[in-house]
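Chemist: here is a sequence with its predicted model. Questions after.
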Amino acid sequence: MNGPALHQRPSTSASWRIALPHTTAAVPVARALVRTVLAELDHGADCDTAELLTAELVANAVEHTVGDSPIELVVELLPGGCQVEVHDPDPMPPYELTWPGDKEPDVWDEGGRGLLLIRALSSSCGHRPTTSGKAVWFRLPTVPRQRRHA
């Protein structure tokens, strides 16, 4: 066989990049891609958390950017974890991601908790400018095999 078997964790990085429509239909597509990549390659990152946080990033990009330009999902598998990025055309950073707001969200509000989830559940997160807008990202570590759900 040429190359590593599929059941082995990657010793180097591997990445996927996909353009998604600027609609809410992008959310389940992004979740499915992350779930498939992590499950099929038996990567070891927490798939449920990765799906949830990916959905939050994509939903924020769709909701908070103007226009109909596609957004882009980038999933990178690393030996020690995974990184998920969502690129959108709006250059304004989501400051609440790295600078928590002064007040908690209203308990009656339906939204406003996505960035809190990303900060709480990821090992690290942030944003960076790109030539066409910004990228918002999170990282998750691999989970040791004995601690994963069956």
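Modeler: Received it, and whenever you're ready, just let me know what you need. Numbering: from 1, shown residues only.
Chemist: and the helix or strand where residue 139 lies, C-alpha only, in CSV?
Modeler: Per DSSP states H and E, residue 139 falls inside strand 133-141. Below are the C-alpha coordinates for strand 133-141, written out as CSV (Å, rounded to 0.1, in the frame of the first residue of the first chain):
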residue,chain,number,x,y,z
GLY,A,133,-12.4,39.9,4.6
LYS,A,134,-11.6,37.8,7.7
ALA,A,135,-11.2,34.2,9.0
VAL,A,136,-12.7,33.2,12.3
TRP,A,137,-11.3,29.9,13.7
PHE,A,138,-11.2,27.5,16.6
ARG,A,139,-9.0,24.5,17.5
LEU,A,140,-9.9,21.3,19.3
PRO,A,141,-7.3,18.8,20.6
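Chemist: which secondary structure elements does it contact?
Modeler: Using 3 or more CB pairs under 8 Å, 6 or more residues apart in numbering; DSSP states H and E as the contact test, the elements touching strand 133-141 are helix 47-64, strand 81-88, strand 124-130. To be clear about C-beta, it is placed using only N, CA and C from the backbone, and glycine gets the same treatment.
Chemist: quick check: angle from the helix or strand of the chain with the lowest mean pLDDT to strand 81-88?
Modeler: Lowest mean confidence among the helices and strands of the chain (mean pLDDT, DSSP states H and E): helix 114-121, at a mean of 86. Going by axes from the mean of the first three to the mean of the last three CA atoms, to 10 degrees, helix 114-121 is angled at 160 degrees with respect to strand 81-88.
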